[in-house]
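all I have is the shape, not the residue letters:
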């Protein structure tokens, strides 16, 4: 296992270098736009995977937290001239609070019931965006959202935003890796596997589901704030039910409970509609057919549980057992 980890680390080096120099290789502005959008969807996919993949809760309203983060960040930067990075933190905190408020009464529900509640919450948030014209201009949206700035340097242009989202994605992956490979991550997977068994050994399912829900909502809000600053304009049409379904499809097709799967799912499901754009009349039909075929022949997703690296605690436990065996000999 150590040898496998070593090879993975070696393979990660050229991949990281390629990502860093990508803007110098890909000079087309539209391609860079798509790459930045992929980064946003990677964060959204990773955040939803924490709920769906690791605790087994079906959420159909993830776009609501994405939208809340977008509007909170946009309003802070437009009306109060708040720095982007402070707005980013505020968006994550407020989206997380909405996740907490929604999660406390609803996370005792399971399966379809929770899905219906989150679907309803997403529609309520969308209708608020549409009808709250006095503050957020309703369907007209919020234009002129400023670009980020740091130490007086204005971050503008596709290349600068590409590097910013690359940093955010890297930090999100590091955080998610540490979280899911910790004792908390093992507890979440225990809750997903069997809530009754988890409770019998002192793991309270509602507690872990609620914490996962809050963290997931906060991460979606962070992605929303970045998106608002990136496109400089947001409207309720971005945060509809279809967006939630798209994010969920990325998680499921990439692989439930797999960080690599979330990344692969976000990349593939962002690129396929663009690749099929030349047949615009039929591209969504083909896109849907490909998803159905994928679910029939590879239900675990692109990088499912069978390919997932074992939890670090299991590896340490195995190493400890081997050490004890060698000492006894």
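Here it is on my side, so go on. Computed from a predicted model, the values in this text were never measured in an experiment. Residues are numbered from 1 along each chain as shown.

against residue 266, how distant is residue 252?
Using C-beta to C-beta, to the nearest Å, residue 252 is found at 12 Å from residue 266. Yep, even glycine has a C-beta here, placed from its N, CA and C like the rest.

so what's residue 98 closest to, chain neighbours aside?
Excluding the flanking residues, the one nearest residue 98 by C-beta to C-beta, 6 or more residues apart in numbering is residue 68, at 5.7 Å.

you'd agree the one you found is up against residue 95?
Yes: contact criterion C-beta atoms under 8 Å: residue 68 and residue 95 qualify, at 4.9 Å.

more crowded one of residue 252 and residue 266?
Set residue 252 next to residue 266 and count neighbours by other C-beta atoms under 10 Å: residue 266 wins out with 27 against 22.

can you get me a residue count around the residue nearest to residue 98?
As a burial measure, residue 68 scores 26 neighbours (other C-beta under 10 Å).

would you map the helices across this structure?
2-25, 29-52, 62-79, 84-106, 111-131, 133-136, 158-180, 183-193, 195-200, 205-231, 241-254, 259-275, 283-297, 312-328 (DSSP state H).

what's the closest of those helices to residue 150?
With C-beta to C-beta as the measure, helix 84-106 is the member of those nearest residue 150 (7.1 Å).

got the angle for that closest one vs helix 158-180?
40 degrees (axes from the mean of the first three to the mean of the last three C-alpha atoms, to 10 degrees).

does anything pack onto helix 84-106? Which helices or strands?
Identification of packing neighbours for helix 84-106 by 3 or more C-beta pairs under 8 Å, 6 or more residues apart in numbering; DSSP states H and E yields helix 62-79, helix 111-131, helix 205-231.

excluding sequence neighbours, find me the nearest residue to residue 54.
residue 188 (4.4 Å).

give me every residue that touches the residue nearest to residue 98.
Going by C-beta atoms under 8 Å, 6 or more residues apart in numbering, residue 68 touches 91, 94-95, 98, 125, 221, 224.

same question, residue 130
138-139, 236.

cool, and residue 75?
Counted by C-beta under 8 Å, 6+ apart, residue 75 has contacts 135-136, 142.

per-residue pLDDT, it?
We have a pLDDT of 95 for residue 75.

returning to what we had before: now list whatever residues contact both of residue 68 and residue 95.
By the contact definition C-beta under 8 Å, 6+ apart, residue 68 and residue 95 are jointly contacted by 221, 224.

so where's the protein shaky on pLDDT?
1-12, 280, 283-284, 299-300, 304-329 (pLDDT under 70).

circling back to that earlier point, now distance to residue 150 too, for the helices of the chain, in CSV please.
Formatted as CSV, those follow (distance: least, C-beta to C-beta, whole Å):
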stretch, distance to residue 150
helix 2-25, 18
helix 29-52, 17
helix 62-79, 14
helix 84-106, 7
helix 111-131, 29
helix 133-136, 27
helix 158-180, 9
helix 183-193, 32
helix 195-200, 43
helix 205-231, 12
helix 241-254, 29
helix 259-275, 26
helix 283-297, 38
helix 312-328, 34
